[in-house]
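Asker: give me a model of this one.
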Amino acid sequence: MLEPALLPTPLTDCTDEVFARAGVQLRLKRDDLLHPTVPGNKWRKLAPNLAAAVEQGHTRLLTFGGAYSTHLRAVAAAAGALGLESVGLVRGEELADRPRNWSLRAAEAAGMRLEFLTRAAYREATGRAGGDHGTDGDVQRRWGPCLVLPEGGSNALAAVGAAAIPAELPDLGERDVVCCPVGTGGTLAGIAAGLPPGARALGVAVLRGGEGYLEAEVARLQRAAYGREFGNWRIDHGHHGGGYGKVPAGLAGFAERFEHRHGVPLERRYVAKLLAALADLATAGAFPRGTRLTAVVTGVPDPDPATP
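Answerer: Here you go, the predicted structure:
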């Protein structure tokens, strides 16, 4: 049985000199504390999809991810707890014969069957499963009947799940910007859709070269979930740290200093990039004085500090 989530997640003020000098208030929405095995935005996005899977009578989930995918681990844990089978299609066939890293070991330990694809085959499979119908004929013919979840878990139901985040933030108004990292766009799409009039959303891209593509994905998800697009959000593309999964020394140093000052452990590939971007933007005067930033801490640090 899947353990209940901690809702609403804690909202804490974060007094920091960088933001104070800019006249900006920073709050942390601690979604990293949401669930022990399906943390942060993974739970937000998966919960409505899991409910749909059970309601529709599915017994198997199939999804996609890279070698260190948090999404794969989350799907494996959630499916196992609900008594569902799970299949993870992993990018990189060369990984099949190598010792499993800690992330893939965790997915397998939770019951997920891993299948390793060439990068070309992976792109083809994820492209076919990128819509919001939850099924794909070619995928199901090869791996059996299943509910197909897109890479990163971002679909219309995921956006609806993420839209609950603003509802847990009191007194949102014109001075508020709710911020999150952006990998596949589902969390930002939902946050923006759930905001009251006047409040805005800011996403920080964690992958390189996503200009235009990520904006199109967020808009597509909003149309799929709500039948319309929302004009209250934007994406910053200048703080990806060199690309997806890249953690340059400067970013690592920022994260260590932030952890030391505030006692909040930072996941490096998404959350640290978000907070570093907000600090840079605040210093540059990108936010009017009096702005209140709420940074959604979407995940937890890797358990293995030696992970490259």
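
Asker: strands of the chain, start to end?
Answerer: Counting by DSSP state E, the chain has strands at residues 11-13, 25-29, 60-65, 85-91, 112-117, 147-148, 176-182, 200-205, 233-236, 292-296.

Asker: closest to Tyr244 out of the ones you listed?
Answerer: strand 200-205 (9.4 Å; Cβ to Cβ). Bear in mind the C-beta positions are built from the backbone N, C-alpha and C, glycine included.

Asker: pull the CA atoms of stretch 235-247 into PDB?
Answerer: The C-alpha coordinates for stretch 235-247 follow below in PDB (Å, rounded to 0.1, in the frame of the first residue of the first chain):
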ATOM      1  CA  ILE A 235      11.000  30.200 -18.600                       C
ATOM      2  CA  ASP A 236      14.600  31.400 -17.900                       C
ATOM      3  CA  HIS A 237      17.100  29.600 -20.100                       C
ATOM      4  CA  GLY A 238      20.300  31.100 -18.800                       C
ATOM      5  CA  HIS A 239      21.000  28.900 -15.800                       C
ATOM      6  CA  HIS A 240      21.100  25.300 -17.100                       C
ATOM      7  CA  GLY A 241      24.700  24.900 -15.900                       C
ATOM      8  CA  GLY A 242      25.800  23.500 -19.200                       C
ATOM      9  CA  GLY A 243      23.100  21.000 -19.900                       C
ATOM     10  CA  TYR A 244      20.900  18.300 -18.400                       C
ATOM     11  CA  GLY A 245      22.500  16.600 -15.500                       C
ATOM     12  CA  LYS A 246      25.500  18.900 -15.500                       C
ATOM     13  CA  VAL A 247      26.600  20.300 -12.200                       C
END
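
Asker: so which residues make contact with that stretch?
Answerer: Residues from elsewhere that reach stretch 235-247, judged by Cβ atoms under 8 Å, 6 or more residues apart in numbering: 66, 68, 182-183, 188, 202-208, 210-211, 214-215, 218, 248, 251, 268-269, 272-273, 276-277, 280-281.

Asker: who wins for proximity to His260 among the strands of the chain?
Answerer: Closest of those to His260 is strand 25-29, at 15.4 Å (criterion: Cβ to Cβ).
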